[in-house]
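In: just coords:
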């Protein structure tokens, strides 16, 4: 059953805003969410490109396409979802974090239903620009976020060993990035929905 575009948009925005909520919650209460900051948040950032790529691939693949051999017949979209799931589950097992698949699903659902709402192929390049642009902005203003959201010392006890980088040493930047990026993603989906071409009646 095909959902109305507005319902698809609501699902997309809800998925993105749930991710905004988790990043914002950790930013405002870092002591209670230190595990999320240094584990789930870092992994989600790392696999966001996979979400962007998989969202674009699923959107750009016709529903009727399938992998056909003499002994099996698998819809191509089911094959792609299974393939991406293997990568995400590998991250979950490697880091012993089973929240990762759930957050990845939120991210992917946001992209897939955003595409359905627009009734046009997902612009993967635009998603990549949002991702890179938001990272660049956060990196350039890192000292500001560290000043606005000072974290207590006990939060850093959860910092993974032998891991460095701005998002580890200044975890505020990771959380602000998550809030900014997923808000921008939701706003972009709304803007593209409003600008979508309407089918003639």
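Out: Structure received. This structure is a prediction, so every number in the text was calculated from the model and none was measured.

In: residues contacting residue 25?
Out: By C-beta atoms under 8 Å, 6 or more residues apart in numbering, residue 25 lies in contact with residue 33. In short, each C-beta sits where N, CA and C put it, glycine included.

In: in the host helix or strand of it, what counts as buried?
Out: According to DSSP states H and E, residue 25 maps onto helix 5-28. By neighbour count on 16 or more other C-beta atoms under 10 Å, the buried set for helix 5-28 is 5, 8-9, 11-13, 15-20, 22-24, 26-27.

In: can you give me the strands for this structure?
Out: 66-68, 73-75 (DSSP state E).

In: for the record, mean pLDDT for stretch 106-121?
Out: Taken as a whole, stretch 106-121 has an average pLDDT of 78.

In: oops, could you answer that again for stretch 191-201 instead?
Out: pLDDT averaged over stretch 191-201 gives 68.

In: any idea how far the helix holding residue 25 is from the chain center?
Out: For helix 5-28, the gap between its own C-alpha mean and the chain's C-alpha mean amounts to 10 Å (C-alpha atoms, centre = their mean, to the nearest Å).

In: got the contact list for residue 45?
Out: Listed by C-beta under 8 Å, 6+ apart, the contact set of residue 45 reads 167, 174, 177, 178.

In: quick check: the gap between it and residue 154.
Out: 23 Å (C-beta to C-beta, to the nearest Å).

In: weakest of the strands of the chain in terms of mean pLDDT?
Out: strand 66-68 has the lowest average pLDDT among the strands of the chain, namely a mean of 47.

In: so residue 128 is in contact with residue 52, correct?
Out: Yes - between residue 128 and residue 52 there is a contact under C-beta atoms under 8 Å: 6.2 Å.

In: higher neighbour count, the two?
Out: Set residue 128 next to residue 52 and count neighbours by other C-beta atoms under 10 Å: residue 52 wins out with 22 against 15.

In: what pLDDT is listed against the closest residue to the more buried one other than its chain neighbours?
Out: Spatial nearest neighbour of residue 52, excluding adjacent residues (C-beta to C-beta, 6 or more residues apart in numbering): residue 127 at 4.5 Å. Model confidence at residue 127, given as pLDDT, is 85.

In: export the contacts of residue 45 as CSV, with columns for distance to residue 146.
Out: Shown next, in CSV, are the contacts of residue 45 (distance: C-beta to C-beta, whole Å):
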residue, distance to residue 146
167, 12
174, 12
177, 13
178, 16
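
In: which of those lies closest to residue 82?
Out: Comparing the contacts of residue 45 against residue 82 with C-beta to C-beta places residue 178 closest, at 27.1 Å.

In: the closest one and residue 106, how far apart?
Out: When distance is defined by C-beta to C-beta, residue 178 is 12 Å away from residue 106.

In: pretty sure residue 167 contacts residue 174?
Out: Yes - assessed by C-beta under 8 Å, residue 167 is found in contact with residue 174 at 4.0 Å.

In: what do those two both touch?
Out: Both residue 167 and residue 174 are contacted by 41, 42, 45, under the criterion C-beta under 8 Å, 6+ apart.
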